[in-house]
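In: Predicted structure and sequence below. I'll ask about it afterward.
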Amino acid sequence: MSDKDKDIEILVLRHQLPLLQRQVGKPTFTDSDRAILAGLLHHLPKDRLRRLLLLVRPETVLRWHRELLRRRHAAACVPRRRGRPPTIQSIRTLALRLARENATWAYRRIHGELAALGIKVAASTVWEILREHGIPPAPERQSTTRADFLRSQAKALLACNLFEVRTLTRARLYVFAVIEHTTRHIRVLGATAHPTAEWIVQLGRNLLRDLKDASSKAKFLIPDRDSKFTATFDALMTDAGVKVVTTGIRIPRMNSLMERWIQTCRTELLDRTLIWNQSHLPHTLREYESFYNEHRPHRALEQAAPCRPLPTPITQQAQLTHLKVRRRDRLGGTLHQYQHAA
């Protein structure tokens, strides 16, 4: 483009600018528009700017330029990272693990344990990690609920109870059962129409013999406050190294596992079976005991049974495509047990 062409273009643009100013209202400038105009025009003297045909006043252009320089200076002076560097994720995870596994440890105790492991962090950093994840101070974490206590002592706990069963002739029978907290293994020890303290003591002897044969490490037995659990029964258990811990008055939740099993037994068996007499009931309960311990899955055991671990998952697509599963009816079809066909 020649100089003459440039002069013509400039004159045309100058002529068009007043036309636009007369027909268009106040224009709106974006940040990029301000930056471009300020960058191009700040080199010109102020008196020269006043003679130019512009959409804004010269003072506005200079103000834009000062704002552009201020932002550039502010961006250059801001540090890349504010404050101390972030704590490594593995250290944060370890601090949270120590807090959850040790309810009595305050943040300074956790800080000391990390220092003993050769991990250097500030005590305030440990406090901040616990606060961010909603972990309360140690005094508020020291309270142990009964559920937490039962979980921590499950391997040493047994629970027992008597429950009533009505026969077809409306006769009352009483069943004595014991459950292990850790494995959910159930033992139905006997059924009678006339439960006495001597009968309970004899069943206690049978229970101790079964525990000895199974090499059980149970140390506590939880019965309710039934008068049939006499001092003789307590002394029998104490001599065998099993301490009797009686539940509170009218607090069935203190023996929740046993109460839950009784409900399961009623729902899955007794409410769907006609019990003829006292000889029929033990046979029915033994069959259900075998089904419960050897086949019935439990959520607390990750769907395994008390006496049967989960099998290895099937991974071959051909086996999954052609499943052959047969049903075994127990107690006349009241209970259904499924297994792969041979």
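Out: Perfect, I can see it now.
In: For the rest of this, base every contact and every neighbour count on C-alpha atoms.
Out: Will do.
In: Can you name the residues that contact the nearest residue to Trp105 once chain neighbours are set aside?
Out: Counting by C-alpha to C-alpha, 6 or more residues apart in numbering, Trp105 lies nearest to Ala138, which is 5.8 Å off, once chain neighbours are set aside. Counting by C-alpha atoms under 8 Å, 6 or more residues apart in numbering, Ala138 makes contact with Ala103, Thr104, Trp105, Ala106, Tyr107.
In: From what I see, the third one and Ala99 are in contact.
Out: Yes. Under the criterion of C-alpha atoms under 8 Å, Trp105 makes contact with Ala99 at 6.5 Å.
In: ok, Gly118 to Ala95 distance?
Out: Note on Gly118: its distance to Ala95, by C-alpha to C-alpha, to the nearest Å, is 13 Å.
In: Those two: who's more crowded?
Out: Higher neighbour count among Gly118 and Ala95: Ala95, with 21 against 9, using other C-alpha atoms under 10 Å.
In: pretty sure that one is in contact with Val126, am I right?
Out: Yes. Here Ala95 reaches Val126: they are 6.9 Å apart, a contact under C-alpha under 8 Å.
In: count of residues packed around Arg131?
Out: 12.
In: contacting residues around the host helix or strand of it?
Out: For Arg131, the host element (DSSP states H and E) is helix 123-132. The contact list for helix 123-132 (C-alpha under 8 Å, 6+ apart) reads Arg92, Ala95, Leu96, Ala99, Tyr107, Arg108, Ile110, His111, Pro136.
In: Which one (most neighbours) among the contacts of Ala138?
Out: Highest neighbour count within those: Tyr107, with 22 neighbours (other C-alpha under 10 Å).
In: who touches that residue in this structure?
Out: So Tyr107 contacts Ala99, Ala123, Val126, Trp127, Leu130, Pro137, Ala138 (C-alpha under 8 Å, 6+ apart).
In: Show me the helices in the stretch 201-342 of the chain, by range?
Out: Assignment of helices within the stretch 201-342 of the chain using DSSP state H, counting those that start in this stretch yields the ranges 231-239, 256-268, 280-294, 317-321.
In: and the ones you listed, which is most packed in?
Out: Highest mean neighbour count of the helices of the stretch 201-342 of the chain: helix 280-294, a mean of 17 (counted as mean count of other C-alpha atoms under 10 Å).
In: Leu285 versus the residue nearest to Gln303 when sequence neighbours are not counted, what's the distance?
Out: Nearest residue to Gln303, sequence neighbours excluded (C-alpha to C-alpha, 6+ apart): Pro297, at 4.5 Å. Between Pro297 and Leu285 the computed distance is 18 Å (C-alpha to C-alpha).
In: and for stretch 189-199, what are the contacting residues?
Out: Residues from elsewhere that reach stretch 189-199, judged by C-alpha under 8 Å, 6+ apart: 171-178, 203, 206-207, 228-230, 233, 278, 281-282.
In: change it to 6 Å
Out: For stretch 189-199, contacts defined as C-alpha atoms under 6 Å, 6 or more residues apart in numbering pick out Leu173, Tyr174, Val175, Phe176, Ala177, Lys228.
In: which one of the residues you listed is nearest Met254?
Out: Set against Met254, the nearest of the contacts of stretch 189-199 by C-alpha to C-alpha is Ala177 (16.3 Å).
In: tell me the contacts of that closest one?
Out: Listed by C-alpha under 6 Å, 6+ apart, the contact set of Ala177 reads Cys160, Asn161, Arg187, Val188, Leu189.
In: In a strand, it, correct?
Out: Yes. Counting by DSSP: H, G, I helix; E, B strand; the rest coil, Ala177 falls inside a strand.
In: Not including adjacent chain positions, what is the nearest residue to it?
Out: Leaving out its chain neighbours, the residue that sits closest to Ala177 by C-alpha to C-alpha, 6+ apart is Val188, at 4.3 Å.
In: Next: Glu294.
Out: Cys307 is the one closest to Glu294 (C-alpha to C-alpha, 6+ apart), at 5.1 Å.
In: what about the one you found, neighbour count?
Out: Using other C-alpha under 10 Å, Cys307 is surrounded by 14 other residues.
In: repeat for the one 3 residues further on
Out: The number of residues packed near Leu310 is 11, by other C-alpha under 10 Å.
In: isn't it right up against Glu302?
Out: No. Counting by C-alpha atoms under 6 Å, Leu310 stays clear of Glu302, with 8.4 Å between them.
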